[in-house]
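> Only the shape, not the letters, is given here:
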């Protein structure tokens, strides 16, 4: 208390007194603080004049001398009072990076595939643009890196192409979509035949299988008894025009052979596909993406696994 | 309001009216000021021929992440040079301060330089110290108003040009200045100019010595680096005060002999040294924290002593030891220590700058997917190569693998990778390897980048890892 009394004496009071001895301290604000406060008041008033500020009924004061002109989504030129959305749109249309990427985009648009593929700078630009398109349109099925999902969506990052791996074929796939179909052989084969065909299919890619069973399976596969060769070819290498899988390589897109540990498990995986067939479809994108976007995506997908 | 409250929260500033002075140190200071201003105000206008990039000698291009310093182009990866430059500057400050005191404050600091210019303007418009004091005390009238208005107008002009010049360092000056006045420059240009105009005007015009005394951290920590050998601006107490103290020149105390007889010091207490001081201190009270070692009091005292025909140097550069009649050492352990560290830092920076890599590459492995199985049973990993050509000539580069026997590199249809001058590029590369299942897990190797037809630029390598999956097949 004694300390408090000492400082009390040092501070100025307002000079008012209540009940005889109750006084009011006067601690004036530092002048720098006061002037800063006045400056903020002035700033606010200036702001009201130039920017949207006060609500007036259902509208608001829009401010003066702050028109922004930009291209609206329907292609028409639009001038509005200052707002952050228009500001963003203007920057996206006229900003430095927008101008630069438009310039590159024009270049890519006019170039043919071989020119793009052999030009490192155009490739770098194409990839950087297409990665966003891929993320928006393709990623939900094929995954961010194009690795697909076993049994559902094919892997785009390997060197096998169900529908062909040239740029023209990739472009056709993206633009028009694909419908892949393998009939179910549930009623066609008995248990023994199913087992034999599965053994033969596994043997095509060098998997371990019973020799006698393979010979029987080959007979079913390559004759009208099974008719597998209609689509997969007598050598089992598939046909690009059908989208039928190459069974003779090490890549499996529907039967999860790599994920199976034992000979029996692998056979079960293959048998499952033969029994139930397969249906896979990819929608067409020509309605949704323009030709330049499809071009960018074609190059991107083509380069993911190293195209043909 | 604080004035009426009787007790202010801060000590109110006592106005200082520094008087002009002529002399050696003033001349040196004008010289440094002229040099510093010439460099600062003219440098953005200096043109420089380059194969690629802007033709401005000094340009800090933030948008393109390149700093142009004459023939040197700093890229984003070279930014640590800035740390090096700051380190060298700090060490130089320590080194010089240990030897010669606050040389930076008194001669080179922009606060001192701009305050000097502002004082010059004030003097040209309002007259010297006495005239200014009289003007401030006189009632407001047309003449006073006009003089004050002109002073502040000129101050603001200098402040504006200072701010605008600073802005010009960040873009092509002749282009930017036109855009600036047309109202088409970027917002940052206006904000920077406005900010520097305001700070220059407030700091050099209004705050002045308060910046040094209250705001500047260097002022405080430089004093810590002083020792008994450090050169300081000091008043020779024994000579100036003798035994009976200082005294004005009177009829009985006119000559040195008369003063010696009466044991009066040689200081005639004219107050000139106090009047010229930009921080308003009396150097005769000894070393003070406010003293920025500007040495103007030396000039003032020398002028007086010279006119009396007495020895100069009553106020002079000396050290605490010298003032006591002892020998002062220049090379004390601390100075040698700072000197050596400074030498090492300068050498390291110079080496680093002169050995700037002309070509850089960094490799990032694509991790989604980490690997893919190929139709022949081999494995493919993908990589993003980021290649940067720092030279002013375009480069053709061949990408090669090293340390992964039998592996195959695929960069699509790119025969060779062309990277433009001062440009960077990303390349998607695929590596295929069938190790015959001998290797599983990660295996280190290198990407080599070989410049074609550019012998002076050597091959560079960047490490990478190949992942070979385990048990399948």
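Yep, it's here. Because the structure is a prediction, the values reported are computed rather than measured. Numbers count the residues shown, from 1 in each chain, chains lettered A, B, ... in the order given.

> Excluding sequence neighbours, find me the nearest residue to residue B:246.
residue B:267 (3.8 Å; C-beta to C-beta, 6 or more residues apart in numbering or on different chains). Yep, even glycine has a C-beta here, placed from its N, CA and C like the rest.

> Could you do residue A:292 as well?
Residue A:292 sits nearest to residue A:109 (C-beta to C-beta, 6+ apart), 4.9 Å away.

> For the residue nearest to residue B:246, which three-state class applies?
Put simply, residue B:267 is coil when judged by DSSP: H, G, I helix; E, B strand; the rest coil.

> Now the phi/psi pair for it, please.
phi -70, psi 120 (degrees, to the nearest 10).

> what bits of the stretch 351-473 of chain B have low per-residue confidence?
B:435, B:437-438, B:471-473 (pLDDT under 70).

> Can you show me the helices along it?
Counting by DSSP state H, counting those that start in this stretch, one finds no helices in the stretch 351-473 of chain B.

> Please report the distance of residue B:264 from chain A.
As judged by C-beta to the nearest C-beta, to the nearest Å, residue B:264 and chain A stand 43 Å apart.

> thought that residue was touching residue B:248?
No: using C-beta atoms under 8 Å as the test, residue B:264 is too far from residue B:248 to be in contact (9.9 Å).

> of those two, who's got more company?
residue B:264 (22 against 11; other C-beta atoms under 10 Å in any protein chain shown).

> Who does that one form a beta bridge with?
residue B:242 (DSSP bridges).

> which residues does it contact?
Counting by C-beta atoms under 8 Å, 6 or more residues apart in numbering or on different chains, residue B:264 makes contact with B:242, B:244, B:245, B:246, B:247, B:253.

> change it to 7 Å
B:242, B:244, B:245, B:247, B:253 (C-beta atoms under 7 Å, 6 or more residues apart in numbering or on different chains).

> For residue B:235, see how far away the first one is.
Using C-beta to C-beta, to the nearest Å, we find residue B:242 at a distance of 13 Å from residue B:235.

> Between the two, which has more neighbouring residues?
Taking other C-beta under 10 Å, residue B:242 and residue B:235 do not tie; residue B:235 has more neighbours (24 against 18).

> burial count for the nearest residue to the more buried one once chain neighbours are set aside?
Nearest residue to residue B:235 in three dimensions, chain neighbours excluded: residue B:284, at 4.5 Å (C-beta to C-beta, 6+ apart). Residue B:284: 21 surrounding residues under other C-beta under 10 Å.

> Ramachandran coordinates for residue B:284?
Residue torsions, per degrees, to the nearest 10, at residue B:284 are phi -70, psi -10.

> One more: the one 3 residues further on?
Torsion angles at residue B:287 (phi, psi; degrees, to the nearest 10) stand at phi -60, psi 130.

> Now the host helix or strand of residue A:123: buried residues?
For residue A:123, the element it lies in under DSSP states H and E is helix A:120-137. Of the residues in helix A:120-137, A:120-127, A:129-130, A:133-134, A:137 count as buried by neighbour count, 16 or more other C-beta atoms under 10 Å in any protein chain shown.

> List of residues touching that helix?
Here helix A:120-137 has contacts from A:104, A:107-108, A:111, A:116-117, A:144, A:285, A:289, A:293, A:296-297, A:299-300, B:414, B:417-418, B:425-428, using C-beta under 7 Å, 6+ apart.

> Can I have the buried ones of the residues you listed as a PyMOL selection?
Per 16+ other C-beta under 10 Å, the buried members of the contacts of helix A:120-137 correspond to this PyMOL selection:
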select buried, (chain A and resi 104+108+116+117+285+289+293+296+297+299+300) or (chain B and resi 414+417+418+425+426+427+428)
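
> distance between stretch B:25-32 and the chain's centre?
20 Å (C-alpha atoms, centre = their mean, to the nearest Å).

> actually stretch B:104-112, not the one I typed
11 Å.

> What is the burial count for residue A:194?
Residue A:194 has 21 nearby residues by other C-beta under 10 Å.

> Remind me which helix or strand it belongs to.
helix A:191-204.

> what element comes up after that helix heading to the C-terminus?
helix A:211-222.

> buried set for that next one?
A:213, A:214, A:216, A:217, A:218, A:220, A:221, A:222.

> pLDDT averaged over that helix - what is it?
Per-region confidence: helix A:211-222 scores 94 on mean pLDDT.

> next one: stretch A:136-155 to chain centre, how far?
The answer for stretch A:136-155 is 10 Å, by C-alpha atoms, centre = their mean.

> Noted, bye for now.
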